[in-house]
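>>> Fold the following, please.
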Amino acid sequence: MKTKKTILIFITDIIPLLVVSFLGIFKFKLFLQILGSETLGLYQLFTQIMIYVALVDGGLSSAVLYSLYKPNTEGDKKKFNALLAGAYKRFSQIGIAVFGIAFIVSFFVPFLIKDTPFDYWYIIITFLLFSISNVIGYFFVPYNCLLEVKEKKHIYNIIIQGGQIVLSITEIIMLLNNVKFEVILIMHSVVKLLAYLVEMYVCKKEYPDIKLTQKEKDFEFKKHIGSLIFHKINGLVGSNIDSIIISSMLGLEFVAIYSTYNYIINMMKNILGKLSTSMTAIIGNYMVKSKETVYVIYQEFNSMLFYIAIVICTSLTLAIDGFIEIFYEGEIRTDFLIAVSFVAILFTFIIKMSTTLFVSAGGLYKETRHCAITDTIINLILSLTLVNYIGISGVLVATAVAVFIAEYILKTRVVHKYIFEKNPKKHFINNTKFFIIYIADLIIGYHIINLFTINNIFIWFIIFTIFTIINALIILLIFHLLKETTFINRFKYLLKRNDKNEKSTNTTK
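Numbering: from 1, shown residues only. This next block holds a predicted model:
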C-alpha cells in the first residue's frame, strides 16, 4: 500500500510539473520577446529577493511536518489537532509579517539594480504586487502539511499544480495579447488564491474533525526552528543569492542570461526532486517504527541517483547551449563554461538527494547546522571573489563547490553517524567509481556530439534523444557489471508485493 501511495504521489506530482515546466519554456521565450530581457531580469530578481524576505518563517513548515509524524503514526488525534491549530496561528502571523517586511524592502529594491531602465516607483509597485502573490500561500501551509503527513499529497498536487497549469496558460495568453507586467502579477494572486481555497475546501470535507481555529493549540514544533533557521539561510544563499550578486555587479541583462540557463536546470531539479519528496512522509513514518532496512534502502537509492545523474547530466551538458541558441533564436548569449557550471550544480543536487531525504525524515536539523553554515560561508566568499574574474560562471562554480563540500560530504557523515551508526569512508570510496564513470562519459560524449551539425530544433531533439537512450543503456550495463543495479530488483520486489496485496484484498472481498 505504501508503495502504491508513493507511486501515486510521484505521478500526480510529476505530470503537472512536466506540463508547467514545458509551458514555462514557451512563457519564458514570450516574456523575453514581448516584455524584454530587462523585465525578465526584474521578474527573476523579485523572485530571489522575496525568497530572502520569506526567511522570517525560519523553516517552520519542515518543523511542523516533522512534529506531526509521531502523533499521526500513534493515532493521537488530540495532539495532532493541537499542533495543526498552533501551526495555523503561527503561519497566519508569519504571512502578515512577511508582507510587512516586503513593503519596507520594496523601497530598497531599485538600488540592487545596476543601470536600471525602470522608474523608481514602478519597481516598488510591481515588487509589492509580486509579494502579495507569494504571501497568500502562508495562510494555507497547515493544509499542505495535513495532506502530506496523511500521505494524501496527491490531492495537494492535483489542486495546486493544476492551479499552476492554469496560471501558466493564462500568462501565455496575456503575453500574446501584450498585457502589462503589473496586470500579469495581479492575475498570479487571483489564480493562486482560488487554488488554495479549493485545497482548504477539500481538506475540510476529507477531515471534518480537524479544526484549525480550535482554542487548544500546541507549539511544540518551535523547538526545531533554532536548528532549521541555519538550513533556511543556507538554502537561500545556495539557491537564491546568485541573481542578486549578478544584478548588482553585472546588470539585468546578465540576470536574463543566468535565468535562461537556471530555468532549465531548475526544471530538472524540480522534476527529480519529486522522487525524493514523494517518499519523505512514508520514510518518516516508517523510521518511527523500524530502522532495520533503512541503510540497504539508502545504498540502493544512492546507486540509482548516481545512475540518473550520469545519464541526465552528460546529455544536458552537451545539449543545453544548442537548445538555447536555437530556441531563443540568438537572443540569449551562450557560454559552455556556464553550461558546465550549471550542470555541475545539478549533478551535486541529484547525488545528495538520498542524504537530504534521510536528514528530513530523521529530523537531523540540529545535527546538520554546521553543514548549513559551511555551505553559506563558502558560497558567499567564493561567489563575491570569482564573479570578478569569470562573471556568471564564477557564481555558479562557487555554488557547486559549496554544495559538494557541505551537502554531499558533511551531511553524508552526519547521516551515517546518527541514523546508520557507520563510518562513511567505505561509502565515499564506493562512490568514487561513479565520478570516474561520469567524467569519462562526458569526455567521450563531447567528442561524439561534435561530429554532428545541429542547426534546428528537430535535429537537436533527434540527436540528443538517440544519444541519451544509447548512453543510458551503456551506463546501465556498466552499473550491472559493477553490481550496482540492485535498485532495479527493489522496484521489482515492491511491484510484485503490491500486486499480491491487491489480489489478496480482491479475494477477501
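
>>> Just the CA atoms of whichever strand or helix holds Ile172, as CSV, please.
Ile172 is located in helix 162-176, with elements delineated by DSSP states H and E. Provided in CSV are the C-alpha atoms of helix 162-176 (Å, rounded to 0.1, in the frame of the first residue of the first chain):
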residue,chain,number,x,y,z
GLY,A,162,-3.4,22.2,-11.5
GLY,A,163,-3.6,25.9,-10.5
GLN,A,164,0.0,26.3,-11.7
ILE,A,165,-1.1,25.0,-15.1
VAL,A,166,-4.0,27.4,-15.3
LEU,A,167,-1.7,30.2,-14.2
SER,A,168,0.9,29.4,-16.9
ILE,A,169,-1.7,29.1,-19.7
THR,A,170,-3.3,32.4,-18.6
GLU,A,171,0.1,34.1,-18.5
ILE,A,172,0.9,32.9,-22.0
ILE,A,173,-2.5,34.2,-23.3
MET,A,174,-1.8,37.6,-21.6
LEU,A,175,1.7,37.9,-23.0
LEU,A,176,0.4,37.1,-26.5
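
>>> centre of the chain versus it, how much separation?
Put simply, helix 162-176 sits 21 Å off its chain's centre (Cα atoms, centre = their mean, to the nearest Å).

>>> That helix: what's the following helix or strand?
Downstream of helix 162-176, the first helix or strand assigned by DSSP H and E is helix 181-206.

>>> mean confidence score for that next one?
Average pLDDT, helix 181-206: 91.

>>> and it, how far out from the chain's middle?
Relative to its parent chain, helix 181-206 has a centroid offset of 21 Å by Cα atoms, centre = their mean.

>>> tell me which residues in that helix are buried?
By neighbour count on 16 or more other Cβ atoms under 10 Å, the buried set for helix 181-206 is 181, 184-185, 187-189, 191-193, 195-196, 199-200, 202-203. C-beta: built from backbone N, CA, C; applies to glycine.

>>> Now do that helix and helix 162-176, the angle between them.
If you take axes from the mean of the first three to the mean of the last three Cα atoms, to 10 degrees, helix 181-206 sits at 160 degrees to helix 162-176.

>>> what helices or strands is helix 181-206 leaning on?
Contacts defined by 3 or more Cβ pairs under 8 Å, 6 or more residues apart in numbering; DSSP states H and E place helix 181-206 against helix 120-135, helix 141-149, helix 153-156, helix 162-176.

>>> and among the ones you listed, the most buried is which?
Looking across those with neighbours counted as mean count of other Cβ atoms under 10 Å, the highest average goes to helix 141-149: a mean of 24.

>>> comparing the helices and strands packed on helix 181-206, which gets the lowest mean pLDDT score?
Averaging pLDDT over each of the helices and strands packed on helix 181-206 puts helix 153-156 lowest, since it has a mean of 78.

>>> who are the neighbours of that helix, in terms of helices and strands?
Using 3+ Cβ pairs under 8 Å, 6+ apart, helix 153-156 is in contact with helix 2-30, helix 141-149, helix 181-206.

>>> Run through the stretch 351-500 of the chain and note the low-pLDDT ranges.
Along the stretch 351-500 of the chain, segments meeting pLDDT under 70 span 361-362, 490-500.

>>> go with 90
352-396, 399-400, 402-403, 406-408, 414-424, 427, 452-457, 483-500 (pLDDT under 90).

>>> now the helices for it?
Secondary structure of the stretch 351-500 of the chain (DSSP state H, counting those that start in this stretch): helices located at 353-362, 369-390, 392-403, 411-415, 425-449, 457-481, 486-508.

>>> CA-only coordinates of the fourth one, as PDB, when you get a sec.
C-alpha atoms of helix 411-415 as PDB (Å, rounded to 0.1, in the frame of the first residue of the first chain):
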ATOM      1  CA  LYS A 411      25.800  15.800   5.600                       C
ATOM      2  CA  THR A 412      26.600  12.200   4.500                       C
ATOM      3  CA  ARG A 413      28.900  11.900   7.500                       C
ATOM      4  CA  VAL A 414      26.000  13.100   9.800                       C
ATOM      5  CA  VAL A 415      23.500  10.600   8.400                       C
END
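
>>> Identify the residues contacting that helix?
298, 352, 355-356, 358-359, 362, 364, 367-368, 371, 424, 427-428 (Cβ atoms under 8 Å, 6 or more residues apart in numbering).

>>> repeat that for 6 Å
Contacts with helix 411-415, where a contact means Cβ atoms under 6 Å, 6 or more residues apart in numbering, come from Thr355, Phe358, Glu367, Thr368, Cys371, Pro424.

>>> for these, which one is nearest Tyr43?
Checking those against Tyr43 by Cβ to Cβ gives Cys371 as the nearest, at 31.6 Å.

>>> Hmm, Leu410 and that closest one touching each other?
Yes. With contact defined as Cβ atoms under 6 Å, Cys371 reaches Leu410; the gap is 4.3 Å.

>>> Neighbour count: those two, which is higher?
Neighbour count, other Cβ atoms under 10 Å: between Cys371 and Leu410, Cys371 has more, with 25 against 17.

>>> Please report the distance of that one from Thr485.
Look at Cys371 and Thr485: by Cβ to Cβ, to the nearest Å, they are 30 Å apart.

>>> between the helices of the stretch 351-500 of the chain, which one is nearest to Tyr258?
Of the helices of the stretch 351-500 of the chain, nearest to Tyr258 by Cβ to Cβ is helix 392-403, at 5.4 Å.

>>> Give me the distance from the closest one to the chain's centre.
Here helix 392-403 shows a centroid-to-chain-centroid distance of 18 Å under the convention Cα atoms, centre = their mean.

>>> Tell me the buried residues in that helix?
Ile392, Ser393, Gly394, Val395, Leu396, Val397, Ala398, Thr399, Ala400, Val401, Ala402, Val403.

>>> before we move on, the earlier item: so which of the helices of the stretch 351-500 of the chain gets nearest Glu216?
So among these, helix 353-362 is nearest, using Cβ to Cβ, at 27.8 Å.

>>> between the closest one and helix 369-390, how big is the angle?
Going by the same axes, to 10 degrees, helix 353-362 makes 140 degrees with helix 369-390.

>>> in helix 353-362, what counts as buried?
The neighbour-count check on helix 353-362 (16+ other Cβ under 10 Å) flags Met353, Ser354, Thr355, Thr356, Leu357, Phe358, Val359, Ser360, Ala361, Gly362 as buried.

>>> Could you single out the nearest of those residues to Lys29?
Closest approach between these and Lys29, by Cβ to Cβ: Met353, at 29.7 Å.

>>> The closest one and Tyr298, how far apart?
For Met353, the distance to Tyr298 (Cβ to Cβ) stands at 11 Å.

>>> Please give me every residue in contact with Phe99.
Phe99 touches Val135, counting by Cβ under 6 Å, 6+ apart.

>>> To what extent is Phe464 buried, counted in neighbours?
21.

>>> Revised request: answer the last question for Ala256.
Neighbours of Ala256 under the rule other Cβ under 10 Å: 25.

>>> Export only the CA atoms of stretch 357-366, formatted as PDB.
Extracted C-alpha coordinates of stretch 357-366, given in PDB (Å, rounded to 0.1, in the frame of the first residue of the first chain):
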ATOM      1  CA  LEU A 357      15.800  12.700   2.300                       C
ATOM      2  CA  PHE A 358      17.100  10.900   5.400                       C
ATOM      3  CA  VAL A 359      18.100  14.100   7.100                       C
ATOM      4  CA  SER A 360      14.500  15.400   6.700                       C
ATOM      5  CA  ALA A 361      12.900  12.100   7.500                       C
ATOM      6  CA  GLY A 362      15.100  11.600  10.600                       C
ATOM      7  CA  GLY A 363      14.700  15.200  11.800                       C
ATOM      8  CA  LEU A 364      18.500  15.800  11.900                       C
ATOM      9  CA  TYR A 365      18.200  19.600  11.700                       C
ATOM     10  CA  LYS A 366      20.300  20.300  14.800                       C
END
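
>>> does Ala309 count as helix, strand or coil?
In three-state terms, and counting by DSSP: H, G, I helix; E, B strand; the rest coil, Ala309 is helix.
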